[in-house]
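Enquirer: With the sequence up front, the predicted model follows.
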Amino acid sequence: MAIEPFAPKDFRVFGLPGFADRMAAIRSQVRPKLEGLGAALAPDVAKLTGTEIHAHVAKHARRTVNPPADMWVAFGPARRGYKKAPHFKIAVSRQAVRFLFELGPEFPVKPAWGRAWKRAAPRLRRALGRSGTLAWFRNEHDDTPAARLDELDPAGWARLGEELTRTRDGQLVLGRRVDAAEAARWSGPDYARAARETFGALRDCFRLQ
């Protein structure tokens, strides 16, 4: 399936001030492209992870006032949702496209996963710390990373696992940020390549137990 790239006008959607106007533009311009990304890339993500993968595009169905600052397609193992399992995500906002691995606030076994992270931290640091593009984000909606992974020392790597339990809504978000100006020049295959490369680099996190 062909992937339709995002154009400058798609990023500008997230600057529209009114709720109704922004949601209408998201539904007509951005959501169809995310649906296409999900359909095209789900088989590749399944091969990377070795498990069944379903694509889920954000609906923002409960929003009635505040327009969303970003939209995304998430790739997870459950048919009915993605938030309770490790998942990958491609998120689009006014400023950037982000290719992410996430464990969200609703992940049910945070303490056990955090312990597994600490055990695997030295190995993961060797594998992921070589990249100059992967980073840690404090929040799934943040456009700007908090730190590049290749800048973290061993203690910093170990502490990343604690992000899940540090607060009630703790989460862990790792991935790559691409400026909107750069992404707007990409073709469809460029998006597929960036997703495969980023998700492939982070698949050990997805498999961690």
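Expert: Noted; the coordinates are in hand. Numbering: from 1, shown residues only.

Enquirer: Now do the helices in this structure.
Expert: Assigned by DSSP state H, the chain shows helices spanning 8-12, 19-25, 31-49, 110-128, 154-160, 163-166, 180-183, 188-201, 203-207.

Enquirer: just checking, what packs against the first one?
Expert: Here helix 8-12 is seen to pack against strand 87-93, helix 180-183 when contacts are counted using 3 or more Cβ pairs under 8 Å, 6 or more residues apart in numbering; DSSP states H and E. From N, CA and C alone the C-beta is placed, and that goes for glycine too.

Enquirer: So which of the ones you listed is the most surrounded?
Expert: strand 87-93 (a mean of 24; mean count of other Cβ atoms under 10 Å).

Enquirer: Now do it: which elements does it pack against?
Expert: Partner elements for strand 87-93 (3+ Cβ pairs under 8 Å, 6+ apart): helix 8-12, helix 31-49, strand 70-76, strand 96-103, helix 188-201.

Enquirer: closest to residue 133 out of those?
Expert: The stretch from those with the least distance to residue 133 (Cβ to Cβ) is helix 188-201; that distance is 7.7 Å.

Enquirer: Okay, buried residues for that closest one please.
Expert: Applying a neighbour-count criterion of 16 or more other Cβ atoms under 10 Å, the buried positions in helix 188-201 are 188, 191, 192, 194, 195, 196, 198, 199, 201.

Enquirer: for stretch 147-165, same thing?
Expert: Within stretch 147-165, judged by 16+ other Cβ under 10 Å, the buried ones are 149, 152, 157, 158, 160, 161, 163, 164.

Enquirer: if we can go back for a sec, rebuild the helices and strands packed on strand 87-93 as JSON lines, extending it with mean pLDDT.
Expert: Shown next, in JSON lines, are the helices and strands packed on strand 87-93 (pLDDT from 0 to 100):
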{"stretch": "helix 8-12", "mean pLDDT": "97"}
{"stretch": "helix 31-49", "mean pLDDT": "96"}
{"stretch": "strand 70-76", "mean pLDDT": "97"}
{"stretch": "strand 96-103", "mean pLDDT": "97"}
{"stretch": "helix 188-201", "mean pLDDT": "96"}
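
Enquirer: any chance of the ones you listed in a markdown table, plus distance to residue 112?
Expert: Below are the helices and strands packed on strand 87-93 laid out as a markdown table (distance: least, Cβ to Cβ, whole Å):
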| stretch | distance to residue 112 |
| --- | --- |
| helix 8-12 | 39 |
| helix 31-49 | 19 |
| strand 70-76 | 18 |
| strand 96-103 | 12 |
| helix 188-201 | 23 |
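
Enquirer: To residue 207, which of the ones you listed lies closest?
Expert: Checked against Cβ to Cβ, the stretch from these lying closest is helix 31-49, at 7.0 Å.

Enquirer: quick one: which of the buried residues of helix 188-201 is nearest residue 16?
Expert: Where the buried residues of helix 188-201 are concerned, and distances follow Cβ to Cβ, residue 16 has its nearest neighbour in residue 191, at 23.1 Å.

Enquirer: Just give the nearest non-adjacent residue to that closest one, would you?
Expert: residue 3 (5.5 Å; Cβ to Cβ, 6 or more residues apart in numbering).

Enquirer: Count residues in the vicinity of residue 59, would you?
Expert: Other residues within reach of residue 59, judged by other Cβ atoms under 10 Å, total 10.
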